[in-house]
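Novice: Provided below for reference: sequence and predicted model.
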Amino acid sequence: MGYQTIYNAWKADPEGFWLNAAEAIDWVEAPQQALTDKGDGLYEWFADTKVNTCWNAVDRHVEAGRGAQAAIIYDSPVTDTKETITYADLKTRVANLAGALRAQGVEKGDRVIIYMPMVPQALEAMLACGRIGAIHSVVFGGFAANELAVRIDDATPKAIIAASCGIEPGRIVEYKPLLDAAIEASTHKPELCVILQREQHRADMIDGRDVDYYGCQDGVEPADCLPVEGNHPSYILYTSGTTGQPKGVIRHTAGQLVALNWTMQAIYNIKPGEVFWAASDVGWVVGHSYICYAPLIHGNTTIVFEGKPVGTPDAGTFWRVISEHNVTSFFTAPTALRAVKREDPEGTMVKDYDMSCLGQVYLAGERADPDTLEWAQHHLKVPVIDHWWQTETGWAIAANPLGVEELPIKLGSPAKAMPGYQVDILGDDGHPVADGELGAIAVKLPLPPGTLPTLWNAEARFKSSYLEAFPGYYETGDAGMKDEDGYLYIMARTDDVINVAGHRLSTGGMEEVLAAHKDVAECAVIGVSDSLKGQMPVGFLCLNAGCDRAPEDVIKEVVADVRNQIGPVAAFKKAVVVDRLPKTRSGKILRGTMVSIADGKEWKMPATIDDPAILDEIGEALKTIGYAQT
């Protein structure tokens, strides 16, 4: 069946569609009803079931005779370590850790914060929580103490599982002092901290609270899988709120199992037993959905990579990992590919590796500019698929479902809405706009399984954040348009649609033009306040490695390109060349903070920023063109 047939089948009978998909899951008590309407815009999927995530991700594959298959391949160029963990090994390791947590008093419904680098033990901790019905909340290893304290107070964990340190290129980041400071600052005090001592740095332990990751497992009875209700939270994942208060996105157990399992074949075109690599971090939703849960639920081998796209040791590290570990499907962020492209614009390092195993590449996290996508397609010689989703949804809203049908690729578009999502482009009045017209992207309720049912301890904030702007819809916060073929174009966050002398313009459209310039490796466009026109666009350009042209010449050319391709209405006249752009650790460009700096407004250091020093560089660059003076 092709895409349209499957999408129409979902639309004709949404509950029947997902009940059919649910047959691929091992249930203790199978669903009799798919959807529960709780009223007031709140819904739950498969609430009447009993099931266990860890059983479906680990034990059932061992029971099916596939215990010798690799479940996790750990590849860490920063520590020069490689390790393969079979499904049978993983079952033992997870059951032992789960038994240790239970012996320490962690029970079903208790929260456990996981504060770990990209090591296999991070996945073991997630799965161990699921095994005994504890609710985990992964916070980036190395996250600032004050931000970790906020999450401790919101989630009120009984236990925290952490590592002694993380490894960055050229430095060791000590986690334990940050953890101790966060607990000191928080009102809620966890009873237990389980510390993985890494050989690169051993942390000091606090008697009575801290226990060793492996020491606490000695002599403890391994835990069996505990069945939980389908609407039992699997995890809480915090995402930044517009108020500065973190939003705890909840993922229900049953919906996550059904939706993620369905995506692996349908969207990512991968069969059980094949190797899947999502080059992300467990602190992000991609790490939850596509490093840990989806590959293991589907019976794939997943890669845990501790390194960077460049610098560990070079811009060929992605291709080395794909070739060495026989990766079939690869998922990364456009910003990672742009970093590789900037260091190796001719793609010469791709030729150093046998990439014949690779079937397809998927991009998400930021808009995939056509230039980067074409560069990757040219050098990798496989379909490069942009797809669009959010922390809140947990899986793709729009994609090109290669496992169903390879739709024609339209540059700049993540293709079409997936089953479960009716996506409309709405005007300010809440009504759909014409094809090709820019508007707010919204999804008709109910959202499909695997998406957020609400926020942790914040139902009122869930409604105000997502449901109130457009009644009957989930507001994505993204702006874009749809063409006559139903292809979506995600142009910007709603806040990044700028108004220049009454014209609504997408910064993403301007970025597309800048990124197409032969000397531009990466770029961003923001709207800054202007007394005459309301807002004016300003561009930031990072040039390709080896580019020896004068910055002012490149700027003159991109200004002309925008005028020619978008028109004088864009009023694009100013740009600066910078060495790097401020980003979150997942690669999202911090445009909102850049706007505040340009406008001379007060701003707060973003919790997820990769390198705070970049913001000073942005401020200095803006001063050269007359902004950021206060």
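Specialist: Okay, I see it.

Novice: got the CA coordinates for stretch 348-355 in PDB?
Specialist: Extracted C-alpha coordinates of stretch 348-355, given in PDB (Å, rounded to 0.1, in the frame of the first residue of the first chain):
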ATOM      1  CA  THR A 348      36.500  14.000   0.200                       C
ATOM      2  CA  MET A 349      36.300  12.100   3.500                       C
ATOM      3  CA  VAL A 350      33.200  10.300   2.400                       C
ATOM      4  CA  LYS A 351      35.300   8.500  -0.200                       C
ATOM      5  CA  ASP A 352      37.600   7.100   2.500                       C
ATOM      6  CA  TYR A 353      34.900   4.700   3.700                       C
ATOM      7  CA  ASP A 354      32.700   1.900   2.200                       C
ATOM      8  CA  MET A 355      29.200   3.400   2.600                       C
END
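
Novice: can you list contacts of that stretch?
Specialist: The contact list for stretch 348-355 (C-beta atoms under 8 Å, 6 or more residues apart in numbering) reads 314, 315, 316, 319, 320, 322, 323, 379, 380, 381. Every residue, glycine included, has its C-beta placed from N, CA and C.

Novice: hmm, 6 Å instead?
Specialist: Contact with stretch 348-355 is made by 315, 316, 319, 320, 323, 379, as judged by C-beta atoms under 6 Å, 6 or more residues apart in numbering.

Novice: the strand or helix carrying residue 375 - contacts with which helices or strands?
Specialist: Per DSSP states H and E, residue 375 falls inside helix 370-380. Judged by 3 or more C-beta pairs under 6 Å, 6 or more residues apart in numbering; DSSP states H and E, helix 370-380 is in contact with helix 334-343, strand 384-386.

Novice: and that helix with helix 334-343, angle?
Specialist: Angle, helix 370-380 to helix 334-343, by axes from the mean of the first three to the mean of the last three C-alpha atoms, to 10 degrees: 70 degrees.

Novice: now do the buried residues in helix 370-380.
Specialist: Residues 370, 371, 372, 373, 375, 376, 377, 379, 380 are the ones in helix 370-380 that count as buried (16 or more other C-beta atoms under 10 Å).

Novice: chain center to it, what's the gap?
Specialist: Mean-position distance between helix 370-380 and its chain equals 21 Å (C-alpha atoms, centre = their mean, to the nearest Å).

Novice: what's the mean pLDDT across it?
Specialist: Summarised as a single mean, pLDDT over helix 370-380 is 94.

Novice: list the contacts of it.
Specialist: 334, 337, 338, 341, 347, 350, 384, 411, 412, 515, 516.

Novice: check stretch 181-194 too.
Specialist: Contacts for stretch 181-194 (C-beta under 6 Å, 6+ apart): 104, 145, 148-149, 152-153, 156-161, 209-211, 213.

Novice: filter the residues you listed down to just the buried residues.
Specialist: The buried subset of the contacts of stretch 181-194 - by 16+ other C-beta under 10 Å - is 145, 148-149, 152, 156-161, 209-211, 213.

Novice: looking at these, which is nearest residue 454?
Specialist: Using C-beta to C-beta, the shortest approach to residue 454 within the buried ones among the contacts of stretch 181-194 belongs to residue 156, at 17.2 Å.

Novice: list the contacts of that closest one.
Specialist: Contact partners of residue 156, counting by C-beta under 6 Å, 6+ apart, are residue 188.

Novice: got a pLDDT number for it?
Specialist: Reading off the model, residue 156 has pLDDT 97.

Novice: quick one, phi psi at it?
Specialist: Phi and psi for residue 156, reported as degrees, to the nearest 10, are phi 40, psi 60.

Novice: circling back: mind checking which of the contacts of stretch 181-194 land in strands?
Specialist: Assignment to strands by DSSP state E places the following of these there: 159, 160, 161, 210, 211.

Novice: want to throw those into a markdown table with pLDDT and distance to residue 461?
Specialist: Below are these laid out as a markdown table (pLDDT from 0 to 100; distance: C-beta to C-beta, whole Å):
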| residue | pLDDT | distance to residue 461 |
| --- | --- | --- |
| 159 | 98 | 26 |
| 160 | 98 | 25 |
| 161 | 98 | 27 |
| 210 | 98 | 34 |
| 211 | 98 | 35 |
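
Novice: got these as TSV, with distance to residue 17 columns?
Specialist: Formatted as TSV, the ones in strands among the contacts of stretch 181-194 follow (distance: C-beta to C-beta, whole Å):
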residue	distance to residue 17
159	38
160	39
161	37
210	48
211	46
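
Novice: closest one of those to residue 92?
Specialist: residue 161 (17.8 Å).

Novice: ok, and the most crowded of the contacts of stretch 348-355?
Specialist: Counting neighbours by other C-beta atoms under 10 Å, residue 319 leads the contacts of stretch 348-355 with 24 neighbours.

Novice: tell me the contacts of it?
Specialist: 350, 353.

Novice: what helix or strand does it sit in?
Specialist: Secondary structure from DSSP H and E places residue 319 in helix 317-325.

Novice: walk me through which strands whichever helix or strand comes after that helix pairs with, and which way each runs.
Specialist: Using DSSP H and E, the helix or strand that follows helix 317-325 in sequence is strand 327-332. Strand pairing for strand 327-332, using DSSP bridges, gives strand 275-278 (parallel), strand 360-363 (parallel).

Novice: now mean neighbour count and distance to residue 432 too, for the ones you listed, in JSON lines please.
Specialist: What follows is the strands paired with strand 327-332, written out as JSON lines (neighbours: other C-beta atoms under 10 Å; distance: least, C-beta to C-beta, whole Å):
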{"stretch": "strand 275-278", "mean neighbour count": "24", "distance to residue 432": "33"}
{"stretch": "strand 360-363", "mean neighbour count": "23", "distance to residue 432": "27"}
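
Novice: JSON lines for these, including distance to residue 299 and mean pLDDT?
Specialist: As requested, the strands paired with strand 327-332 are exported to JSON lines (distance: least, C-beta to C-beta, whole Å; pLDDT from 0 to 100):
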{"stretch": "strand 275-278", "distance to residue 299": "10", "mean pLDDT": "98"}
{"stretch": "strand 360-363", "distance to residue 299": "19", "mean pLDDT": "97"}
